[in-house]
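Novice: predicted model and sequence follow; I will ask about them next.
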Amino acid sequence: MSTMDAKAISGGEEEASGMRSKTLDESGRLGEINRKQAIHIAYLIATLDLTFLFMQFGVMPYLAKSLGLDSVGFGYLQTTFGVFQLVGGPIFGRFADQFGAQAALILSCASGSAFFLLMSISTSIPLLFLSRLPSVFMHGLPGAQKVITDLTTPSQRADALGKLGLCFGIGIIIGSALGGVLSTKFGIFVPAYVGLVGNLINTMIAMFWIPLPAKSKSDHRATEHGTSQSGSVFSIRQILHLMKFPGVMEVFIIKVFAGLPIGLFLIMFSIISMDFFGLEAVETGYLMSYFGVLQMVVQGLLVGKLTNYCTERTLLRLSVFIFAGVGLGMALMRTVWHYCIIAVPLVFAFSMLATITDSILTKSVPASDTGTMLGICASVQPLTRTVGPTIGGVLYKQFGVSSFGYLQLIVNIGLFVYLIKSKIPLTETKSQ
């Protein structure tokens, strides 16, 4: 072979290598664009889902009353909804692990459609209770969280999950207002029609815009230690097995109990706002909008920024410490203005605790089980809604509003001391 031929071959190989490198770079950039697009679509689906959910929350008391359901019966209706959500959360998460985030979101949105369809034809009390049944699989927020955990690295996760708070705030503000306007001007069943059409649109969005499967640059730990591919979707043993991973049970207990007293207070807030603060319905609505704005600002913007500078262990301790301070403030508050001031650290601690614990727990289990873990986390609020009316009612009737504050203070001081002294294994990561 001549020298000229050798040079020609060498030059051709270099050119081919350069073209392959360029193609890989372009493919990487395209993949990054697709990941970001999928995450933004997940935010959109979550926002719409929460808007429709809060819309029906505002309308449901009036619909129940129009059908002749008294306050005790309405309490049973709310408890039924809470129990269905509590039972369905872990099952939904396991379904997401086995069939993918896209299938899970389609299931959630389709269930929402069935929920609002039944609600729209609820002309009797039995039908109204039956309309709660599809809520077993109505978990749009955990579905969006599953997409995000699949498409982000562990260091990006807390920031990306925190931005769902923006969706939550928008859902509270728009949903509450929209439900009132539609039911007042067009009829009590119109919000149900809007929710039905909206969930059908959400289903189509999930079908065409969420990737299948939604897996990416997440830390794909060895799936042989996971549970998602073994057993059925309804396997309680496999679900509870996740609690045996290092640090999971400890962090989950903190997640449940740190915000439980405040959760009980919020369950009773409709009564407290009338009896203790002396607010009218319109003023209570304004207060809820204020909470929504705080949620948007704190969880949508502030939480993500803090994850750039602090480890998750530090932020977990900080949220519990602030929760203790919130408890002291609530024990001493006397007017609604005091509550508006306390609401700022309250929303911060609530948002920080929810985001950081979700991030920690999804990193503590195999990547193939993040959906199940998110489903378990999503069961915390339904658990509070289920036991809240009974426990909260006893506390309020027997000891007054300050009892919620003192309980919050005591519980979180205990948890803070435990966090300082314990050696819970956490991944010390910051967002990049």
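Specialist: Everything's here; your move. The model shown is predicted, which means the values in this text are computed figures rather than measured ones.
Novice: the stretch 151-300 of the chain: strands as residue ranges?
Specialist: With DSSP state E, counting those that start in this stretch as the criterion, the stretch 151-300 of the chain has no strands.
Novice: show me the shaky parts of it.
Specialist: For the stretch 151-300 of the chain, residues meeting the criterion pLDDT under 70 lie at 212-235, 281-282, 285.
Novice: redo that, cut-off 80
Specialist: For the stretch 151-300 of the chain, the stretches with pLDDT under 80 are 212-240, 270-271, 274, 279-286, 288-289, 299-300.
Novice: model confidence score at residue 107, please.
Specialist: With respect to pLDDT, residue 107 has a value of 96.
Novice: OK, contacts around it?
Specialist: With contact set as Cβ atoms under 8 Å, 6 or more residues apart in numbering, residue 107 has these partners: 92, 95, 137. C-beta coordinates here come from the backbone N, C-alpha and C atoms, glycine included.
Novice: look up how far residue 321 lies from it.
Specialist: From residue 107 across to residue 321, the span is 39 Å (Cβ to Cβ, to the nearest Å).
Novice: one more: residue 68?
Specialist: Residue 68 is 48 Å from residue 321, where distance means Cβ to Cβ.
Novice: between those two, which one's more packed in?
Specialist: More neighbours surround residue 321 than the other of residue 68 and residue 321, with 17 against 9 (other Cβ atoms under 10 Å).
Novice: and the helix or strand where that one lies, what does it pack onto?
Specialist: Secondary structure from DSSP states H and E places residue 321 in helix 312-332. Judged by 3 or more Cβ pairs under 8 Å, 6 or more residues apart in numbering; DSSP states H and E, the packing partners of helix 312-332 are helix 248-258, helix 260-267, helix 336-364, helix 402-421.
Novice: could you export the last one as CSV, CA atoms only?
Specialist: It stands for helix 402-421. Coordinates of each C-alpha in helix 402-421 appear next as CSV, following Å, rounded to 0.1, in the frame of the first residue of the first chain:
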residue,chain,number,x,y,z
SER,A,402,-54.1,26.5,70.6
SER,A,403,-54.0,22.7,71.1
PHE,A,404,-53.0,22.3,67.4
GLY,A,405,-50.1,24.6,67.9
TYR,A,406,-48.8,23.0,71.1
LEU,A,407,-49.1,19.5,69.5
GLN,A,408,-47.2,20.8,66.5
LEU,A,409,-44.5,22.3,68.7
ILE,A,410,-44.0,19.1,70.8
VAL,A,411,-44.0,16.7,67.9
ASN,A,412,-41.5,18.7,65.9
ILE,A,413,-39.1,19.4,68.8
GLY,A,414,-39.0,15.6,69.3
LEU,A,415,-38.4,15.0,65.5
PHE,A,416,-35.7,17.7,65.4
VAL,A,417,-33.8,16.1,68.3
TYR,A,418,-34.1,12.7,66.6
LEU,A,419,-32.7,14.1,63.3
ILE,A,420,-29.8,15.7,65.1
LYS,A,421,-28.8,12.5,67.0
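Novice: check the gap between the residue sitting nearest the centre point of the chain and residue 374 for me.
Specialist: By Cα atoms, centre = their mean, the chain has its centre lying nearest to residue 141, at 4.8 Å. According to Cβ to Cβ, residue 141 stands 9 Å off from residue 374.
Novice: try residue 106
Specialist: 17 Å.
Novice: ok, residue 76 next?
Specialist: The spacing between residue 76 and residue 374, counted by Cβ to Cβ, is 29 Å.
Novice: looking at the two, which is more packed in?
Specialist: Of the pair residue 76 and residue 374, residue 374 is the one with more neighbours under other Cβ under 10 Å, namely 31 against 13.
Novice: low-confidence ranges in the stretch 301-432 of the chain?
Specialist: Across the stretch 301-432 of the chain, the ranges flagged by pLDDT under 80 are 301, 303-304, 307-308, 385-390, 423-432.
Novice: re the thing from before, in the helix holding residue 321, which residues are buried?
Specialist: 312-313, 315-331 (16 or more other Cβ atoms under 10 Å).
Novice: also stretch 330-350?
Specialist: 330, 331, 333, 339, 342, 343, 345, 346, 347, 348, 349, 350.
Novice: who's in contact with the residue nearest to the third one when sequence neighbours are not counted?
Specialist: Looking back up the chat, that one is residue 333. Spatially, and ignoring its direct neighbours in sequence, residue 333 is nearest to residue 339 (5.6 Å; Cβ to Cβ, 6 or more residues apart in numbering). Residue 339 sits next to 277, 330, 333 when contact means Cβ under 8 Å, 6+ apart.
Novice: let me know the closest of those residues to residue 238.
Specialist: For these, the closest approach to residue 238 (Cβ to Cβ) belongs to residue 330, at 39.6 Å.
Novice: cool, thanks, signing off.
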